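**Q** Structure for this input, please:
(one chain, ligands or ions: 2)
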Amino acid sequence: MNELRILEDFEKKLIPHAPEKSSVRPEIIGYGEISTIFKIDSIKGYAFKRLPLFKKRENALRYEENYKKYCEFLRKAGLTLPEDKTIIIDIKRTPISFYIAQKELPSNSIGNKLIFNIDVEKIKILFSRIIKEIKKVWEFNKDNAGSVELSIDGQLSNWALVGEKLFFIDTSTPLFRLEGKEQLDPEPLLKSAPGFLKWILKLFFLEDVMNRYYDERLVYIDFAANLYKEQKAELIPMTLKIINKNLSEGLKRIEIEEVDKYYKEDKMIWTLFLSFRKFDRFIKTKILRKRYEFILPGKIKR
Ligand SMILES: Nc1ncnc2c1ncn2[C@@H]1O[C@H](COP(=O)(O)OP(=O)(O)OP(=O)(O)O)[C@@H](O)[C@H]1O
Ligand SMILES: [Mg+2]
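**A** Ligands and ions are numbered 1, 2, ... in the order given. Below you'll find the predicted structure:
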């Protein structure tokens, strides 16, 4: 069987609200805020990211095109990405899904796991390397000012250190601007939220989340604040030292108070978001007896 057939079959059999009950049993290896990352038996060596978001094929194609461009730009900027393939699955009675198959990297190489297995000196080296990778994006943006501007979500869980190679793996949300114009249509992503929440998201938070990853200071604050979620808050002061040393000229130093404030807001946003999604899943699957398209995480310790 080829990959397309395998994934079509997978998509037909998947029960997203209870993946463990479906006959295809994805092995879940990670959760993002929107997508869930899993492995499947019949295609070994790949991590799959599934975005069941699209009503029309053309929208999925557009997303795919943007995804490819984004990866190409990141590579041009000098970042190392794992090999990948994309597949669009369009079968009856379900939304069109965009799949990214990304070469699977060892789970203990992923940043937020790795820091629990190496000493502080090594963590410092790792963080300096990550910050230097992120800096390549700001440099790329400066060199291409007026034509291309890339965003990056630099959180620790988006990096993997394999041997001497530092990979950036979180490419599934291709946010970039061409001549100042955002290329990602947020509508399909909004679909991952229940209908009743959409207008709130639109009003208060979409802009914020979509813009933060273009902003050098915010990307770093996000990186530091995320260490709370990863249960490693004690690393924040040294992280800020590394960041402040690497800040572009003219930017204000980042202080810990700013990180704390940011984290409180961010935690609230995502906790609310997830609990609304779970409520929505409950209504759809238990009350309306319908299919719910997303695989959601259990309780996340933040
Ligand atoms: N290629 C890979 N190999 C091994 N593990 C991976 C790979 N890609 C992702 N993962 C695991 O899944 C987690 C989430 O992946 P990723 O960062 O790509 O999703 P996400 O983009 O954060 O999701 P979202 O955009 O919906 O928030 C990673 O932190 C990692 O643990
Ligand atoms: Mg991520």
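
**Q** Only C-alpha atoms from now on, for both contacts and neighbour counts.
**A** Will do.

**Q** Show me what secondary structure element comes after the helix or strand of the chain with the lowest mean pLDDT.
**A** Least confident helix or strand of the chain, by mean pLDDT, DSSP states H and E, is helix 195-200 with a mean of 67. Downstream of helix 195-200, the next assigned helix or strand under DSSP states H and E is helix 206-212.

**Q** Report the buried residues of that next one.
**A** By neighbour count on 16 or more other C-alpha atoms under 10 Å, the buried set for helix 206-212 is 206, 210, 212.

**Q** What are the buried residues along whatever helix or strand comes next after it?
**A** Going down the chain from helix 206-212, the next helix or strand is helix 216-229, by DSSP H and E. By 16+ other C-alpha under 10 Å, the buried positions in helix 216-229 come out as 216-228.

**Q** Using TSV, lay out those residues together with distance to residue 276.
**A** Listed next are these as TSV, based on distance: C-alpha to C-alpha, whole Å:
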residue	distance to residue 276
216	30
217	30
218	26
219	26
220	28
221	26
222	23
223	25
224	26
225	23
226	22
227	24
228	23
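
**Q** TSV for the residues you listed, including pLDDT?
**A** Output for the buried residues of helix 216-229, formatted as TSV (pLDDT from 0 to 100):
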residue	pLDDT
216	98
217	97
218	95
219	97
220	98
221	96
222	95
223	97
224	97
225	95
226	94
227	96
228	94
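
**Q** of the buried residues of helix 206-212, closest to ligand 1?
**A** residue 210 (11.5 Å; C-alpha to the nearest ligand atom).

**Q** In space, what's closest to the closest one - neighbours in sequence excluded?
**A** The shortest distance from residue 210 to any non-neighbouring residue, by C-alpha to C-alpha, 6 or more residues apart in numbering, is to residue 175 (7.6 Å).

**Q** Cross-check the contact I'm expecting between that neighbour and residue 185.
**A** No - applying C-alpha atoms under 8 Å as the test, residue 175 and residue 185 come out as separate, 9.2 Å apart.

**Q** Between these two, tell me which one has more neighbours.
**A** Higher neighbour count among residue 175 and residue 185: residue 175, with 23 against 14, using other C-alpha atoms under 10 Å.

**Q** ok, now which ones touch the more buried one?
**A** By C-alpha atoms under 8 Å, 6 or more residues apart in numbering, the residues touching residue 175 are 70, 150-152, 182-184, 210.

**Q** the strands in the protein, which residues?
**A** 27-31, 36-40, 43-54, 84-89, 96-103, 148-150, 159-162, 165-168, 176-178, 181-182 (DSSP state E).

**Q** who does the third one touch, helix- and strand-wise?
**A** Strand 43-54 sits against strand 36-40, strand 96-103, helix 186-190, with contacts defined as 3 or more C-alpha pairs under 8 Å, 6 or more residues apart in numbering; DSSP states H and E.

**Q** tell me the most buried of these?
**A** Counting by mean count of other C-alpha atoms under 10 Å, strand 96-103 has the highest mean neighbour count of these, with a mean of 21.

**Q** before we move on, back to that, what would the strands of the chain look like in TSV with distance to ligand 1 and mean pLDDT?
**A** What follows is the strands of the chain, written out as TSV (distance: least, C-alpha to the nearest ligand atom, whole Å; pLDDT from 0 to 100):
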stretch	distance to ligand 1	mean pLDDT
strand 27-31	3	89
strand 36-40	5	91
strand 43-54	5	92
strand 84-89	9	96
strand 96-103	5	95
strand 148-150	15	98
strand 159-162	7	98
strand 165-168	9	98
strand 176-178	14	97
strand 181-182	17	94
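
**Q** In CSV: the ones you listed, plus distance to ligand 2.
**A** CSV is the format used below for the strands of the chain (distance: least, C-alpha to the ion, whole Å):
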stretch, distance to ligand 2
strand 27-31, 8
strand 36-40, 10
strand 43-54, 11
strand 84-89, 16
strand 96-103, 13
strand 148-150, 16
strand 159-162, 9
strand 165-168, 10
strand 176-178, 17
strand 181-182, 20
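
**Q** Now render these as TSV, adding distance to residue 4.
**A** Formatted as TSV, the strands of the chain follow (distance: least, C-alpha to C-alpha, whole Å):
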stretch	distance to residue 4
strand 27-31	19
strand 36-40	13
strand 43-54	11
strand 84-89	7
strand 96-103	10
strand 148-150	30
strand 159-162	28
strand 165-168	26
strand 176-178	28
strand 181-182	30
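
**Q** so which of the ones you listed gets nearest residue 116?
**A** Nearest of the strands of the chain to residue 116, taken as C-alpha to C-alpha: strand 159-162 at 13.4 Å.
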